[in-house]
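Colleague: sequence unavailable; structure follows:
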């Protein structure tokens, strides 16, 4: 009858080639690398598990009201009846293409001295047929109840469907009214480009270290429905998905340095040798620019429809400077006057993920001392200092324009300094 025997049609033509080439230039002490590959992402089982949460097994009822003209008089829902009760619905594509990522890279690696190498490279990636949430039954912005304005007010089960006995005994029809339809479709894309510099030193003269700097840009045309960052998981305007293109998990600059040093033993006498042997210290430092966030409105002020707990309506730009002097602090990370709630029953014009939050810096330190107990036994003590400089890393600013704390930061991204002391015996 035109439907698969399972929940969707299988993809039988997936092809994942991978190629890597390296060329050495001994006279220059240089090695060139180039690589390309296609990688298919694991299937998200929640896409199929959600079907068990639909009618006729579960009746997801919601009560919706015009946000400016309240019409909900009770929080009690009547006993659901298939064919009469309006329910929300989660759908999937029957012919969903497989999600995959193409990756390509090139780099030059130069040896400096006998123990150190410097690598300069580029890494690119493109995601295709990625999953997005598409609320295909949302109405256009407007006043009044949403249900009469939906494009698909009712949907039907296929012919000859079999229903649970408890549902069949009360159902009035296999065609039933539906509110929100969340179609999980594989139609979005992502783009990632990065340049990087790596410096590596193998352990020599008791010192080893690794340093990296990355400059990158990440774009996507839909948020990650399963784990969105500082934005809604659903589009603002489901009839204009192209407007969703913007930064993704976009960390523009990132520095990471780690080093391990084992000091030499001072052999003036037996006491100094006993006190200075088997020490080791390490440091890890990370710094990066902030994550992007979307300036939004709390609530469905467009009155177009959404899913529970999501706030996809964005704010409007006012034309004022977003980061004037006196901003970028916990009380006023950005200028609240640069944004305003859109007029009732309209969408906002702020770009998705167009404002960036605070960066992050951490330094972890460790000091280790080892003791030999026997031929095959060793005792080790360790003191570790997480966020050793006790640097305050601010969290994400409040991004909802119609709340009193808009633009301020009331949380931290990392805890303060933590000191841990431990010991262990290896044998």
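Modeller: Arrived safely. Being a predicted model, the structure only gives us computed values, none of them experimental.

Colleague: so where do the strands sit in the stretch 301-427 of the chain?
Modeller: Ranges of strands in the stretch 301-427 of the chain, per DSSP state E, counting those that start in this stretch, are 316-317, 339-340, 355-356, 360-374, 377-386, 418-426.

Colleague: and the ones you listed, which is most packed in?
Modeller: Among the strands of the stretch 301-427 of the chain, strand 339-340 has the highest mean neighbour count (mean count of other CB atoms under 10 Å), at a mean of 22. Where you see a C-beta, it was placed from the backbone N, CA and C, and this is true even at glycine.

Colleague: circling back: got TSV for the strands of the stretch 301-427 of the chain, with distance to residue 15 and mean pLDDT too?
Modeller: Shown next, in TSV, are the strands of the stretch 301-427 of the chain (distance: least, CB to CB, whole Å; pLDDT from 0 to 100):
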stretch	distance to residue 15	mean pLDDT
strand 316-317	45	97
strand 339-340	46	98
strand 355-356	38	97
strand 360-374	39	93
strand 377-386	45	94
strand 418-426	47	95
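
Colleague: nearest to residue 22, out of these?
Modeller: Evaluated over the strands of the stretch 301-427 of the chain, closeness to residue 22 peaks at strand 360-374, with 33.7 Å, by CB to CB.

Colleague: report the angle between the closest one and strand 418-426.
Modeller: 30 degrees (axes from the mean of the first three to the mean of the last three CA atoms, to 10 degrees).

Colleague: of all the strands of the stretch 301-427 of the chain, which one comes closest to residue 412?
Modeller: Once the strands of the stretch 301-427 of the chain are compared by CB to CB, strand 360-374 is nearest, at 10.2 Å.

Colleague: please, which helix or strand holds residue 49?
Modeller: helix 46-49 (DSSP states H and E).

Colleague: list the contacts of the residue lying farthest from the centre of the chain.
Modeller: Residue farthest from the centre of the chain, counting by CA atoms, centre = their mean, is residue 269 at 57.0 Å. With contact set as CB atoms under 8 Å, 6 or more residues apart in numbering, residue 269 has no partners.

Colleague: need the pLDDT of it.
Modeller: The score at residue 269 is 85. That number is its pLDDT.

Colleague: for residue 349, see how far away it is.
Modeller: 76 Å (CB to CB, to the nearest Å).

Colleague: now do residue 126
Modeller: Counting by CB to CB - residue 126 and residue 349 are separated by 28 Å.

Colleague: residue ranges of the strands in the stretch 151-300 of the chain, please?
Modeller: For the stretch 151-300 of the chain, applying DSSP E, counting those that start in this stretch gives strands covering 154-156, 175-204, 207-220, 246-247, 253-261, 279-288, 292-293.

Colleague: closest to residue 72 out of those strands?
Modeller: Taking CB to CB as the criterion, strand 175-204 is the member of the strands of the stretch 151-300 of the chain that comes nearest to residue 72, at 13.7 Å.

Colleague: tell me which residues in the closest one are buried?
Modeller: The neighbour-count check on strand 175-204 (16 or more other CB atoms under 10 Å) flags 176-188, 190, 192, 194, 196, 198, 200-201 as buried.

Colleague: residue 278: what's its closest spatial neighbour, skipping adjacent residues?
Modeller: Closest residue to residue 278 apart from its sequence neighbours, by CB to CB, 6 or more residues apart in numbering: residue 370 at 4.2 Å.

Colleague: and what of residue 167?
Modeller: Residue 167 sits nearest to residue 56 (CB to CB, 6+ apart), 4.3 Å away.

Colleague: show me the contacts for that neighbour.
Modeller: Per CB under 8 Å, 6+ apart, neighbours of residue 56: 82, 163, 164, 167, 171.

Colleague: helices - which of those residues land there?
Modeller: Of the positions in the contacts of residue 56, residue 167 sit in helices, assigned by DSSP state H.

Colleague: out of the contacts of residue 56, which end up buried?
Modeller: Counted by 16+ other CB under 10 Å, the contacts of residue 56 give 82, 167, 171 as buried.

Colleague: list the contacts of the first one.
Modeller: If I follow you right, that is residue 82. Here residue 82 is in contact with 55, 56, 59, 163, 167, 170, 171, 172, 173, 174, 176 (CB under 8 Å, 6+ apart).

Colleague: just the local confidence number for it, please.
Modeller: Residue-level confidence at residue 82 comes out at 93, pLDDT.

Colleague: kindly report the same for residue 2.
Modeller: For residue 2, the predicted pLDDT is 64.

Colleague: distance check, residue 412 against residue 372.
Modeller: Residue 412 is 42 Å from residue 372, by CB to CB.

Colleague: what do you get for residue 219?
Modeller: Residue 219 sits 55 Å away from residue 372 when distances are taken as CB to CB.

Colleague: burial count for residue 390?
Modeller: As a burial measure, residue 390 scores 11 neighbours (other CB atoms under 10 Å).

Colleague: tell me the spacing between the closest residue to it other than its chain neighbours and residue 294.
Modeller: Counting by CB to CB, 6+ apart, residue 417 is the residue found nearest to residue 390 once chain neighbours are left out, at 4.1 Å. Residue 417 sits 32 Å away from residue 294, taking CB to CB as the criterion.

Colleague: who has more neighbours out of these two?
Modeller: Neighbours per residue, other CB under 10 Å: of residue 417 and residue 294, the larger number sits with residue 294, 25 against 12.

Colleague: touching, the more buried one and residue 399? I think so.
Modeller: Yes. Shown here, residue 294 and residue 399 form a contact pair, counting by CB atoms under 8 Å, at 6.4 Å.

Colleague: okay, and the common contacts of those two?
Modeller: Both residue 294 and residue 399 are in contact with 230, 355, where contact means CB under 8 Å, 6+ apart.

Colleague: pLDDT below threshold where in this protein?
Modeller: Applying pLDDT under 70 to the chain flags residues 1-2.

Colleague: and residue 106, what does it touch?
Modeller: Residues near residue 106 by CB under 8 Å, 6+ apart: 32, 33, 34, 35, 121, 122.

Colleague: save those as CSV, and put in neighbour count, distance to residue 335 and secondary structure too.
Modeller: CSV is the format used below for the contacts of residue 106 (neighbours: other CB atoms under 10 Å; distance: CB to CB, whole Å; DSSP: H, G, I helix; E, B strand; the rest coil):
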residue, neighbour count, distance to residue 335, secondary structure
32, 14, 48, strand
33, 15, 45, strand
34, 15, 46, strand
35, 15, 44, strand
121, 17, 38, strand
122, 13, 36, strand
